[in-house]
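Participant: Sequence and predicted structure below; questions after.
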Amino acid sequence: WNAVARFFRAYHYFLLVQRFGDVPYVTEYTTNTTDASLIYLPRSSRNDVMDKVFEDLDFAAKNIRKSDGVNT
């Protein structure tokens, strides 16, 4: 399931980069909504974000299961 999650993260970042160019790349989840430095990140360059997208897609391609039953 990590491979599936990373595929969808890559897909959504691809869409963001396609539409906006440079976007903030978030590497960790937080529930702290009072620390602005965790919420308002600077934009990462398009090249850096796309490198991460390729890493996620490579991970997904190597680790996704061929079949997980009739529901997938």
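Facilitator: Everything's here; your move. Numbers count the residues shown, from 1 in each chain.

Participant: Identify the residue spatially nearest to residue 43, adjacent ones excluded.
Facilitator: Spatial nearest neighbour of residue 43, excluding adjacent residues (CB to CB, 6 or more residues apart in numbering): residue 22 at 4.1 Å. Every C-beta, even on glycine, is put in place using the N, C-alpha and C of the backbone.

Participant: my guess is the one you found contacts residue 42, does it?
Facilitator: No. Look at residue 22 against residue 42 with CB atoms under 8 Å: they stay out of range, at 9.1 Å.

Participant: more neighbours, these two?
Facilitator: residue 22 (15 against 8; other CB atoms under 10 Å).

Participant: Against residue 35, how distant is the most centrally placed residue in the chain?
Facilitator: Nearest to the geometric centre of the chain sits residue 9, at 3.1 Å (CA atoms, centre = their mean). Noted for residue 9: a distance of 23 Å to residue 35, by CB to CB, to the nearest Å.

Participant: Over to residue 25?
Facilitator: Residue 25 is 18 Å from residue 35, by CB to CB.

Participant: With residue 27 instead?
Facilitator: 15 Å.

Participant: Check residue 7 too.
Facilitator: Note on residue 7: its distance to residue 35, by CB to CB, is 30 Å.

Participant: higher neighbour count, the two?
Facilitator: More crowded of residue 7 and residue 35, by other CB under 10 Å: residue 7, with 17 against 9.

Participant: in what helix or strand does the more buried one lie?
Facilitator: For residue 7, the host element (DSSP states H and E) is helix 2-20.

Participant: Could I have the CA atoms of that helix written out in PDB?
Facilitator: Below are the C-alpha coordinates for helix 2-20, written out as PDB (Å, rounded to 0.1, in the frame of the first residue of the first chain):
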ATOM      1  CA  ASN A   2       3.000   2.300   0.400                       C
ATOM      2  CA  ALA A   3       3.600   1.900  -3.300                       C
ATOM      3  CA  VAL A   4       0.000   2.900  -4.100                       C
ATOM      4  CA  ALA A   5       0.200   5.900  -1.800                       C
ATOM      5  CA  ARG A   6       3.500   7.100  -3.400                       C
ATOM      6  CA  PHE A   7       2.000   6.700  -6.900                       C
ATOM      7  CA  PHE A   8      -0.900   9.000  -6.000                       C
ATOM      8  CA  ARG A   9       1.500  11.500  -4.300                       C
ATOM      9  CA  ALA A  10       3.600  11.500  -7.500                       C
ATOM     10  CA  TYR A  11       0.500  11.900  -9.600                       C
ATOM     11  CA  HIS A  12      -0.900  14.800  -7.600                       C
ATOM     12  CA  TYR A  13       2.500  16.600  -7.500                       C
ATOM     13  CA  PHE A  14       2.700  16.200 -11.300                       C
ATOM     14  CA  LEU A  15      -0.700  17.900 -11.600                       C
ATOM     15  CA  LEU A  16       0.400  20.700  -9.300                       C
ATOM     16  CA  VAL A  17       3.700  21.300 -11.200                       C
ATOM     17  CA  GLN A  18       1.900  21.100 -14.500                       C
ATOM     18  CA  ARG A  19      -0.500  23.900 -13.400                       C
ATOM     19  CA  PHE A  20       1.600  26.100 -11.200                       C
END
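
Participant: Thank you kindly, that will do.
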